[in-house]
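S.K.: Let me see the structure of the following:
(chains A, B, C and D)
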2 protein chains.
Amino acid sequence: MVTLKEIAERAGVSVSLVSAVINDSPYVRMSDTTRQRVLGLIEEHGYVPNHSARSLRYARTNVLAVIIPHISDPIFEGLLDGVYAGAEKHGYIVMLGDAVQLVSGSKLLDRIIGHGQVDGTLIRHSSTLSGEVLSQLAKRRAPVVLMDVSDNKDLPWIGLDERSGTALAARHLLSLGHHRIGFLGGERNYPGTLRRLEGVRQELDKVGLPLDEKCIYYGSQEPRAAYATMTRFLASGDLPTGVIINNVTSATGALAAIADAGLRVPEDLSIVAYLDYRAAALVRPAITAVDQPLFELGYQGVELFERLRRGEPCESYTITSPAPGLITRSTTKRIGPSLLD
Amino acid sequence: MVTLKEIAERAGVSVSLVSAVINDSPYVRMSDTTRQRVLGLIEEHGYVPNHSARSLRYARTNVLAVIIPHISDPIFEGLLDGVYAGAEKHGYIVMLGDAVQLVSGSKLLDRIIGHGQVDGTLIRHSSTLSGEVLSQLAKRRAPVVLMDVSDNKDLPWIGLDERSGTALAARHLLSLGHHRIGFLGGERNYPGTLRRLEGVRQELDKVGLPLDEKCIYYGSQEPRAAYATMTRFLASGDLPTGVIINNVTSATGALAAIADAGLRVPEDLSIVAYLDYRAAALVRPAITAVDQPLFELGYQGVELFERLRRGEPCESYTITSPAPGLITRSTTKRIGPSLLD
DNA sequence: CTGAAAGCGCTTACAG
DNA sequence: CTGAAAGCGCTTACAG
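M.R.: Numbers count the residues shown, from 1 in each chain, chains lettered A, B, ... in the order given. Purely as a prediction, here's the structure:
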């Protein structure tokens, strides 16, 4: 393991000179031949600065902890792409963790709230994250950014326009003549679930249609839960003609439940999912879904974090551009004239 | 940011004493009251040792780089669970990266091969990883473990028994009376693809059936590619009655191609996928798949890495227990008497 | 233009 | 039982 000192000795210069070469220090001037010689030695010996030493010196690790509800859920693919892109831009290493691992007393949490371990944390909120954990994080000096709309005063956040997203889904169903619309939400106590429901309700209100409480179901945050919830929904016998589902992986589970009940999509029931992901186009039936700028969420999340770390002014905000879009695939069907103006 | 020194000052003891308390040093003895006082101060001030300083001192970072072909592919969920479990056990932080990011000159690669940045690397091989990158890694002092069967002499590895896995799939189809069996493989030049093909060929050989070269297709490493490949396969007009597919997410794409061609599974074509994942049970039709011990692969991968790092003797090996299993779901159908003995 | 020295926060022999 | 000191590898004023 070759060190700065060794390079300096071989080059016959001082360590500060070598350090200056590496960091392009403006304070230190040197002859071009010296610079080239040092650079040559660095190349030759494959010298790379020791990261721990640098971190200690700079009081910065360039490690960014990123916590999402479920690493392997393809829903988060776009988000992660954005985060990794932002991290690459600002020179961060990503330490990716699952929210379920982030419990009081876990090593992961210790690491994150420990000093000098990570420069900060980016969190996609989820119902599995306790308020206690969040407040532990907020108390730390290292910045924390929430990748979620939030009313948390202590923590800056960046979020998606969930209301507009599900409103889009609702308008799509209304335009296809559906006047009885259901909603399959995630965790009841997760604020995002409520915002998504609000988007639906608001559009129905606009055209004077009620949102039947009997057509609102919760607990569909992931496919297996969505399967169970949809099964209960179907068994209730009180079915709408179109259902808006929490997210597209959950929709997979709901679709399975519908198929197992002997119903067809979209003939018997139209389905629109909130949140798209790349491979959703390759599932049959292909699910009509609301596309949100998840890449931007991740990318701008890192940007916000970076401003925060630098002490620059930064405010929480909702991403409004690009606006959510609807990707019409094969799970929705016209059953009558449009109910929109 | 409270430091060791501050704790020591407040406690009225030396820093070495505090350090000894933290590390349960056997060399340093102290009175129980002193220990309690120090512990109390640590608790009170929320002191956590600075990670960079420790890393510098120990010449160890406790960071483990983990590279997989595609972070968001649910195929790797079990593998990641195993890796994270092993990492937690041995006190590692996981730095997770996508193989596509790991190209010559990328910051990620610089980080991994840099000194003092990570203690080592766990890699799930993939066709996107160049041999050049691999040999750059192998040259480094920090250990690298391949989570894949390999003939690489420089790098220790741990792998799955791929042949037995696809052999199981082949036997399943044979037992259902299929004598014309096809194979939809991943990248042609990826050795794992060949091993998977070998497993199929070997079982057909045993019962004296040929594996028709016209029924072997490559390039189905992920859903979109599998869709395209399956579409070509179907267009060839020379179809088998059962097809074994590279992995279960690819199978999703292949299934979509089959549906779009107006064929039904399993009525017109039986499908078995290699490699299962949790949510595969929630896709319709539910895909019959070979279950491999992916959790073990990840977990034992970390174990192997740890032995390597400690300089303990360690040999590359294939995981044979638990053995691969077949999960029969709804994509295979009997079309005749069993062809097995 | 270039080098010696201090110090980031920690641990570990070593001396008392 | 306890403390002073060296050193991990680096960067940055500072002195020459």
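
S.K.: Tally up the residues packed near the spatially closest residue to A:Leu109 that is not a sequence neighbour, please.
M.R.: Excluding its sequence neighbours, the residue lying closest to A:Leu109 (CB to CB, 6 or more residues apart in numbering or on different chains) is A:Leu102, at 5.5 Å. All C-beta spots, glycine's among them, are computed from the backbone N, C-alpha and C. As a burial measure, A:Leu102 scores 23 neighbours (other CB atoms under 10 Å in any protein chain shown).

S.K.: Contact partners for A:Leu102?
M.R.: Shown in contact with A:Leu102 (CB atoms under 8 Å, 6 or more residues apart in numbering or on different chains): A:Ile67, A:Leu108, A:Leu109, A:Ile112, A:Leu129, A:Val133.

S.K.: Give me the subset of those that lies in strands.
M.R.: A:Ile67 (DSSP state E).

S.K.: near DNA strand D, which residues of chain A?
M.R.: Contact residues, chain A versus DNA strand D (CB under 7 Å from any atom of the strand): A:1, A:3-5, A:15-16, A:19-20, A:22-23, A:25, A:27-28, A:47, A:49-50, A:53-54, A:56-58.

S.K.: Out of those residues, name the ones that lie in helices.
M.R.: A:4-5, A:15-16, A:19-20, A:22-23, A:53-54, A:56-58 (DSSP state H).

S.K.: among the residues you listed, which ones are buried?
M.R.: A:Leu4, A:Ser19, A:Ala20, A:Ile22, A:Ala53, A:Arg54, A:Leu56 (16 or more other CB atoms under 10 Å in any protein chain shown).

S.K.: Which residue, other than its chain neighbours, is closest to the second one?
M.R.: The shortest distance from A:Ser19 to any non-neighbouring residue, by CB to CB, 6+ apart, is to A:Leu4 (6.2 Å).

S.K.: likewise the fourth one?
M.R.: Leaving out its chain neighbours, the residue that sits closest to A:Ile22 by CB to CB, 6+ apart is A:Pro49, at 6.4 Å.

S.K.: so what's the residue in the stretch 201-341 of chain A that DNA strand C sits nearest to scoring on pLDDT?
M.R.: Proximity of the stretch 201-341 of chain A to DNA strand C (CB to the nearest atom of the strand) peaks at A:Arg309, 17.1 Å away. A:Arg309 carries a pLDDT score of 90 in this model.

S.K.: how far away is it from A:Gly91?
M.R.: Note on A:Arg309: its distance to A:Gly91, by CB to CB, to the nearest Å, is 12 Å.

S.K.: more neighbours, these two?
M.R.: For A:Arg309 versus A:Gly91, the count of surrounding residues by other CB under 10 Å is larger for A:Arg309: 18 against 11.

S.K.: tell me which of the ones in helices among the residues of chain A next to DNA strand D is nearest to B:Tyr274?
M.R.: Of all those, B:Tyr274 sits closest to A:Arg54, with 44.4 Å by CB to CB.

S.K.: contacting residues for A:Arg163?
M.R.: A:Arg163 is in contact with A:Arg195, A:Arg196, A:Glu198, A:Gly199, A:Gln202, counting by CB under 8 Å, 6+ apart.

S.K.: what do you get if the cut-off is 10 Å, keeping everything else the same?
M.R.: By CB atoms under 10 Å, 6 or more residues apart in numbering or on different chains, the contact list for A:Arg163 reads A:149, A:194-203, A:318, A:324.

S.K.: now do A:Leu174
M.R.: A:Ile181, A:Glu203, A:Leu204, A:Lys206, A:Val207, A:Leu209, A:Gly242, A:Ser338, A:Leu339, A:Leu340.

S.K.: repeat that with 6 Å
M.R.: A:Leu174 makes contact with A:Leu339, A:Leu340, according to CB atoms under 6 Å, 6 or more residues apart in numbering or on different chains.
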